[in-house]
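A.B. asks: Provide a 3D model corresponding to the input given below.
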Amino acid sequence: EGAETEVDRVVVDSLYDPLVPMLRNALDHGAESPQERAASGKPAKAFISLKAWQEANSVMIVLQDDGKGMDPDALRKKAFEKGLINEHGAPSDMEAYQLVFLPGFSTKELATSVSGRGVGMDVVKTAVEKNRGAIHIESTLGQGTRFAIRLPIELSIVPTMLVSTAGAALALPMAVVQRVVELPETFMMVGGAPVLKDQGIPLPVRSLAAALGYESCLERVGIVIAAAQPYILAVAAVDGTADLVIKPLTAIAVEGITGTARSAEGELVLVIGLTFLMEGCRGAARLLA
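C.D. replies: Sure thing, here's the model as predicted:
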């Protein structure tokens, strides 16, 4: 459930690999045989659910089964045998459940066609924490287990215009886009810079490729930008509009770029900063190709 819940593609990609073994573990480690389930008064078919929803400023992903549940004593015993804890380790049941996240921990020794030889749940915890999330376990012996993953939403969904220039896929916030115009092959020059009349008003024409430091390319489509001093931004092509889930740049700083997103086709899109556009793309002094 919750297929419509919007999460950044980068986060989804990083969680895909750990979520698959979690599902397999629920089948192979959690679900009993039909005979065992019948003896416990359960339906022959095991129930496993994967749900996602937005909760305040977080996305919740919950995997739940109605299987055998976790045995805290068995978890402690296995961890002790593997030398992961001492004989007094993990005194509470909640602490015992956390043992499954230790590297090298598995209560299943034989490889199976479903989950292999005990997929390491440490991979799951690492992937979740990499995205500044948290994972919580609840389990009742004989009734089932619930894994709850909480991920922060530090992303924004912004209406954008998709453009391309110099071979790069880019997006402009629609908040600054007035209209799209066709650019001529030659321009009136004022002070050595190209100018084009739009609705009778002469506006400077600035190259997006030049503003971002890209190689010069043919840019014959103009976008009238609603800045304090309006101008026309030249691009190679306008590829439509889209509401994009934008992830801000954190590790590196790129002039003019404030974030990244994925198009509907899965293509990486660079999002041009609103401030950069409002300030007139100051780096775009080079003449159009």
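A.B. asks: For the nearest residue to V100 once chain neighbours are set aside, grab the count of nearby residues.
C.D. replies: When the adjacent residues along the chain are set aside, V100 lies closest to M121, with 4.6 Å between them (Cβ to Cβ, 6 or more residues apart in numbering). Where C-beta positions appear, they are placed from N, C-alpha and C, glycine not excepted. Each residue near M121 was counted by other Cβ atoms under 10 Å, and the total is 23.
A.B. asks: Could you measure from M121 over to T165?
C.D. replies: As defined by Cβ to Cβ, to the nearest Å, M121 lies at a distance of 45 Å from T165.
A.B. asks: Equivalent analysis for F80, please.
C.D. replies: Taken as Cβ to Cβ, the spacing of F80 relative to T165 amounts to 61 Å.
A.B. asks: More neighbours: which of these two?
C.D. replies: Neighbour totals were compared for F80 and T165, and T165 leads with 24 against 16 (other Cβ under 10 Å).
A.B. asks: ok, that one - contacts?
C.D. replies: Applying Cβ atoms under 8 Å, 6 or more residues apart in numbering, we find T165 in contact with L208, A209, L212, Y214, C217, E219, A234, V235, A236, A237.
A.B. asks: Try it again at 6 Å.
C.D. replies: In this structure, T165 makes contact with L208, A209, E219, V235, A236, judged by Cβ atoms under 6 Å, 6 or more residues apart in numbering.
A.B. asks: ok, and the most crowded of those?
C.D. replies: Within the contacts of T165, most neighbours by other Cβ under 10 Å means L208, with 27 neighbours.
A.B. asks: got the phi/psi numbers for it?
C.D. replies: L208 has phi and psi values of phi -70, psi -40 when expressed as degrees, to the nearest 10.
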